[in-house]
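Q: structure for the following, please:
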Amino acid sequence: MDILSFLLYFIPVLASGMIFVYILHSVIKVDIRHAGKVSAALLILGILFGITSSIFCFSEGDPLSSAIPQRNTLYESSDGIMIFTVSTSDIISAISALFILISSVVLFIFIKEKWWKKLLILICASQLLDNIVMIFRTLGEMLPDVSGDIARLIICTAVYLLTFVFFLLIAMIRKRNDNKQAPLPLLLILSLSVTIVGQNIIDNAYNNDYSEINVSQRPIVVTFLLITLVAVVIYFYFRSLAKERSDLKDLNRTNEELIKAQTRYFENSVKADKEIRAMRHDMRNNIQVLSLLLESGKTDEMRKYLQEMGDNLKSTDIIYHTGNSIADAIISEKRSEALEQGITINVSGVLADIDLSPVDTCKILANLLDNAIESYGDKELQSLDPKCKTIDLEFRKTDNFFLISCSNHCTSALAGKDNIFNGEASDPYTSKSNKKDHGLGLYNIRNAASAHNGEVTVSIDSDGHLTVFKTEIVFELSDGS
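A: Modelled structure (predicted):
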């Protein structure tokens, strides 16, 4: 076996497997546990399959002249028997398919998704890869008078190199503004569309028995295949632009809310400072009054006077101290909204041990508290005892993790629906009738948390006669935290 023969059989198998992993990890952006180790294991497996492919094809005696891009042929022998010969190209395709199948089983184990979603993602990725390789291979076969071992090796290499560059371009486009896992409906539509369009165009490139190129159709086939490839890239480009515009609108809304919260926070700070200075000014007078009441034995009046002073002190205690001024401003703003509806916000812990950007801090806390406040607007909870209309916001740090927890009472209709709220971020859920304007709170929380490698979970439990909705966000702390 010479080196050219080896490479012609080795490159397709190894390249197809590695590009398949790249599509999943960098194009579709599937979350794979131990991605580095899995990729290394599949690389070794791909090398073994490539060597097996080379040895098998060469031992079968398939001449190098029938290597890629030779197709299957159907002909009639001298005794009238129809004979169908399988080319090296299809033997390699079969071995590549087996390698991708084994790779899929391995990846199925390590992908973080529900089993049926894993299955559909793997099928779509495999189908997409097969069709893009087929398109580039057909374009290579469209070249006139391709002969010679080196020319075939160049075409074989170019097919998989161009396939990788094609998916690399899509990955670069998505990385800019659409750096999230591709929605499953998009993958299904894309793989199906490329399969139908690409296969129909390719079928017109050959005669009925697929033994040779239909020369008259060559310009049309090349044109439409290139259009298909360009159309896929353009789609992802415009999808990225749309995502960028959506992110900018969301950022503007968040900034407006942040500015509003900070403005109210500083206004309340100034008001509280004035009230405290006024109380200091009146402190001597208050002490004199209390002394006179005490000397006169008027304990009831003295008690009322102290209660009034205590109420004045409470009115100045309007600022939360979480260790994060942005969080203090947002919580103070939401506290004012909650008090108007008879809702109490209880805050515990500090937010000083994790590095969250101001925008993401606003997204997480504002949406958590907005969702909690809105939940008490449900008809079932409007007659709830005011003592039960509470929102508990907690910040807690352990050795390796930081937790943000928000819990509130909710309608009993949500009991047992944890799995709906714990779905992927691309499927926002709401229990409200106005689906268009609601359901994005948890979606925005997940997006903001994921920017800092945070995970969001929802639990819905009963604390007796009421249903409690709890949202928890867990961030893994670095060694330096």
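Q: the helices in the stretch 351-481 of the chain, which residues?
A: Along the stretch 351-481 of the chain, the segments classed as helices by DSSP state H, counting those that start in this stretch run 358-375, 379-382, 418-421, 441-450.
Q: in the last one, which residues are buried?
A: This means helix 441-450. Under the neighbour-count criterion of 16 or more other CB atoms under 10 Å, helix 441-450 has Gly441, Leu442, Tyr443, Asn444, Ile445, Arg446, Asn447, Ala448, Ala449, Ser450 buried. Backbone N, C-alpha and C define where each C-beta goes, glycine included.
Q: hang on, the earlier thing: for Lys389, find the nearest of the helices of the stretch 351-481 of the chain.
A: Evaluated over those, closeness to Lys389 peaks at helix 379-382, with 7.6 Å, by CB to CB.
Q: any idea of the mean pLDDT in the closest one?
A: For helix 379-382, mean pLDDT rounds to 83.
Q: touching, Glu476 and Asn400? I think so.
A: Yes. Contact between Glu476 and Asn400 holds when scored by CB atoms under 8 Å: they sit 6.5 Å apart.
Q: for the strand or helix carrying Cys156, packing partners?
A: Of the helices and strands defined by DSSP states H and E, Cys156 is found in helix 149-177. In terms of contacts (3 or more CB pairs under 8 Å, 6 or more residues apart in numbering; DSSP states H and E), helix 149-177 is packed against helix 3-22, helix 115-141, helix 218-296.
Q: now do the longest one: distance to the chain's middle.
A: Here helix 218-296 is found 23 Å from its chain centre; the criterion is CA atoms, centre = their mean, to the nearest Å.
Q: packing partners for that helix?
A: Checked by 3+ CB pairs under 8 Å, 6+ apart, helix 218-296 has helix 115-141, helix 149-177, helix 184-203, helix 299-316, helix 325-340, helix 358-375 packed alongside it.
Q: try 6 Å
A: Here helix 218-296 touches helix 149-177, helix 184-203, helix 299-316, helix 325-340, helix 358-375, going by 3 or more CB pairs under 6 Å, 6 or more residues apart in numbering; DSSP states H and E.
Q: where does His321 land on pLDDT?
A: Here the pLDDT value assigned to His321 is 78.
Q: again, but for Gln181
A: Per-residue confidence (pLDDT) for Gln181: 84.
Q: which element is it on?
A: Element membership for Gln181, per DSSP H and E: none, as it lies in no helix or strand.
Q: does it touch Lys29 like I think?
A: Yes. Using CB atoms under 6 Å, Gln181 makes contact with Lys29 at a distance of 4.8 Å.
Q: tell me how the protein divides into domains.
A: 3-250, 320-481 (automatic domain parsing).
Q: closest one to Phe266 among these?
A: In this view, the domains of the chain are compared for proximity to Phe266 by CB to CB, and domain 320-481 is the closest at 7.8 Å.
Q: how far is that closest one from where the chain is centred?
A: Counting by CA atoms, centre = their mean, domain 320-481 comes out at 20 Å from the chain centroid.
Q: one more: stretch 165-174?
A: That offset, for stretch 165-174, works out to 17 Å (CA atoms, centre = their mean).
Q: over to stretch 34-46?
A: On CA atoms, centre = their mean, the centre of stretch 34-46 falls 23 Å from the chain's centre.
Q: got the contact list for that stretch?
A: Outside stretch 34-46, the residues within contact range by CB atoms under 6 Å, 6 or more residues apart in numbering are Leu14, Gly17, Val21, Ile32, Ser103, Phe110.
Q: give me that answer again for 8 Å
A: Applying CB atoms under 8 Å, 6 or more residues apart in numbering, the set of residues contacting stretch 34-46 from outside is 13-14, 17-18, 21, 25, 32, 99, 102-103, 106-107, 110.
Q: over to stretch 362-374?
A: 254, 257-258, 261, 326-327, 330-331, 334, 337-338, 341, 343, 345, 356, 391, 393, 404, 406-408, 432, 441-442, 444-445, 447-449, 469, 471, 473.
Q: mind saving the C-alpha coords of it as CSV?
A: Included here for stretch 362-374 are C-alpha records, laid out as CSV according to Å, rounded to 0.1, in the frame of the first residue of the first chain:
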residue,chain,number,x,y,z
CYS,A,362,-30.0,43.9,37.3
LYS,A,363,-31.3,41.2,35.0
ILE,A,364,-31.2,38.5,37.7
LEU,A,365,-32.5,40.4,40.7
ALA,A,366,-35.1,42.5,38.8
ASN,A,367,-36.6,39.5,37.0
LEU,A,368,-36.6,37.4,40.2
LEU,A,369,-38.4,40.0,42.2
ASP,A,370,-40.7,41.0,39.3
ASN,A,371,-41.8,37.4,38.9
ALA,A,372,-42.3,37.0,42.6
ILE,A,373,-44.3,40.3,42.9
GLU,A,374,-46.5,39.4,39.9
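Q: give me the buried positions along it.
A: Taking 16+ other CB under 10 Å as the criterion, stretch 362-374 shows Cys362, Lys363, Ile364, Leu365, Ala366, Asn367, Leu368, Leu369, Asn371, Ala372, Ile373, Glu374 as buried.
Q: closest one of those to Lys175?
A: Lys363 (21.2 Å).
Q: against Tyr443, how distant is the closest one?
A: When distance is defined by CB to CB, to the nearest Å, Lys363 is 10 Å away from Tyr443.
Q: over to Ser16?
A: Plainly put, Ser16 is 36 Å away from Tyr443 if you go by CB to CB.
Q: from memory Pro12 sits against Cys156, does it?
A: Yes. Using CB under 8 Å as the test, Pro12 is close enough to Cys156 to be in contact (6.5 Å).
Q: pLDDT (mean, whole number) over whichever strand or helix holds Ile47?
A: Using DSSP H and E, Ile47 sits within helix 35-59. Model confidence over helix 35-59, given as mean pLDDT, is 79.
Q: okay, angle between that helix and helix 3-22 too, please.
A: 150 degrees (axes from the mean of the first three to the mean of the last three CA atoms, to 10 degrees).
Q: quick one: distance of helix 35-59 to the chain centre.
A: On CA atoms, centre = their mean, the centre of helix 35-59 falls 31 Å from the chain's centre.
Q: ok so, going back, using JSON lines, please lay out the domains of the chain together with distance to Arg280.
A: What follows is these, written out as JSON lines (distance: least, CB to CB, whole Å):
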{"stretch": "domain 3-250", "distance to Arg280": "45"}
{"stretch": "domain 320-481", "distance to Arg280": "20"}
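Q: the spatially closest residue to Ser54 that is not a sequence neighbour and Val38, how far apart?
A: Closest residue to Ser54 in three dimensions, ignoring its sequence neighbours and counting by CB to CB, 6 or more residues apart in numbering: Tyr9, at 3.9 Å. To Val38, Tyr9 is 25 Å away according to CB to CB.
Q: right, I'll leave it there.
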